[in-house]
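In: Below are the sequence and a predicted model; questions follow.
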Amino acid sequence: MKIWFSAALWLLMVVLHSLVVRRTGTVICGLGSSDSGESPLWLVTMRDNDAAISALLMLSPLILMPLGKRLSAQGLKDQVSWIEVGAAFAAGLSLIFQPVDPRTPFANDPTLQRIIPAGFLFALPWLALRLLAAGTVVRRWRSNGFGDHRDVCLAIAQLFPAVGAAWLVAHRANWTPWNFDPLIVLLTAAHFHHAGFTLPLMAGLNAKASPGCWTRFSCVAILLGVPLVAVGITCTHFGVLRFVEPFGVTVLVLGALGVAVSQILRGVEVRSGLGFWTRAAFLISGASLLSAMILAMGFGLRHVMPNWALTMPQMWMIHGSLNAFGFGLCGLLAWRGVNRTG
């Protein structure tokens, strides 16, 4: 599967999301309704904020993960299949539908029985594929062991997106685990598709290319930091152990700073034999991650120093865009350039 085709699907999905926002906004549009009141209802709606987050979220399944798959096959086929691209696109389509609990069609109310949980159904294939990929990694661990920190990082990059896919399905099913706001559920799905994929992947690649204490520390910090942030947000939500979130953010930021410095050093290394555009991509990737992590640190310490923190909408637009396009996309293109040079 050519990457340009996946990129075209992502652009098509972004346009479709924008059209849905423009046509429906906060209004629910029923597709398939009839005067007789007997045909199924496919409820279509999307808010402007959700469209922006969805575009960043789906950049990973449709573009970043296909780009990164060959860099860390980890027992998986390095070619992206039509099934994977189709499942990712279906997950993107799931976001245009009103979140509906899959138990709704089985309710006693005849009107509710007509509602199709389309978002939930469209998101399921992506979850199934991510679980299969995670299962492959676990089976390899059982037969060959974990390996060192570099191998674990590359493997975890295949595991964390399965967590993100589960949260995406929960969002589409209108489930709110532990009474989290639906927006937090969607942002958690995005977190595990981006920080859970590109960060450990590039930490592992840097550690393999330049073994040493610095890259080893980055790998360990990122492996601990991504789940610690999730646990910390949960603790803050329940009003207990509030120190866990800033601690987890600090650990993750320190690990990410190591990756950012490694990426920048590769970009300024003239004798590396890399082309100009590859080195430029490394520089952009490192600088973007550095900026994004400074913002993440300020937001993570918002309860201690509130004046340092951006608002939630500012975070997902600025921090999210820097991570997705600057660090993730440019970083993966740079590492593919290294492979071609090698």
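Out: Yep, it's here.
In: From now on I want contacts and neighbour counts done on CA atoms only, so please keep to that.
Out: OK.
In: neighbours of residue 47, just the number please.
Out: Residue 47 has 17 neighbours, counted by other CA atoms under 10 Å.
In: That one and residue 92, how far apart?
Out: 15 Å (CA to CA, to the nearest Å).
In: Excluding residues flanking it in the chain, which one is nearest residue 187?
Out: residue 53 (7.4 Å; CA to CA, 6 or more residues apart in numbering).
In: Next, the one you found: secondary structure please.
Out: Put simply, residue 53 is helix when judged by DSSP: H, G, I helix; E, B strand; the rest coil.
In: Now do the contacts for residue 17.
Out: By CA atoms under 8 Å, 6 or more residues apart in numbering, residue 17 lies in contact with 46, 51, 96.
In: quick one: pLDDT of residue 37?
Out: pLDDT recorded at residue 37 is 53.
In: List buried residues within the contacts of residue 17.
Out: Buried members of the contacts of residue 17, counted by 16 or more other CA atoms under 10 Å: 46, 51, 96.
In: can you map out the helices along the stretch 201-342 of the chain?
Out: Per DSSP state H, counting those that start in this stretch, the stretch 201-342 of the chain carries helices over the ranges 213-238, 244-268, 276-300, 312-314, 320-321, 330-341.
In: out of those helices, nearest to residue 183?
Out: Closest to residue 183 of these, according to CA to CA: helix 312-314, at 10.2 Å.
In: if we look at that closest one, which residues are touching it?
Out: Contacts to helix 312-314, defined as CA under 8 Å, 6+ apart, come from residues residue 49.
In: Same check on stretch 226-235?
Out: With contact meaning CA under 8 Å, 6+ apart, stretch 226-235 is reached by 188, 195-196, 241-246, 248-249, 252.
In: Let me have these in a markdown table, extended by pLDDT, distance to residue 323 and neighbour count.
Out: Below are those laid out as a markdown table (pLDDT from 0 to 100; distance: CA to CA, whole Å; neighbours: other CA atoms under 10 Å):
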| residue | pLDDT | distance to residue 323 | neighbour count |
| --- | --- | --- | --- |
| 188 | 92 | 15 | 22 |
| 195 | 89 | 8 | 23 |
| 196 | 92 | 12 | 27 |
| 241 | 88 | 28 | 12 |
| 242 | 84 | 25 | 16 |
| 243 | 86 | 25 | 15 |
| 244 | 90 | 23 | 20 |
| 245 | 85 | 20 | 23 |
| 246 | 85 | 19 | 24 |
| 248 | 90 | 18 | 25 |
| 249 | 87 | 15 | 26 |
| 252 | 92 | 14 | 29 |
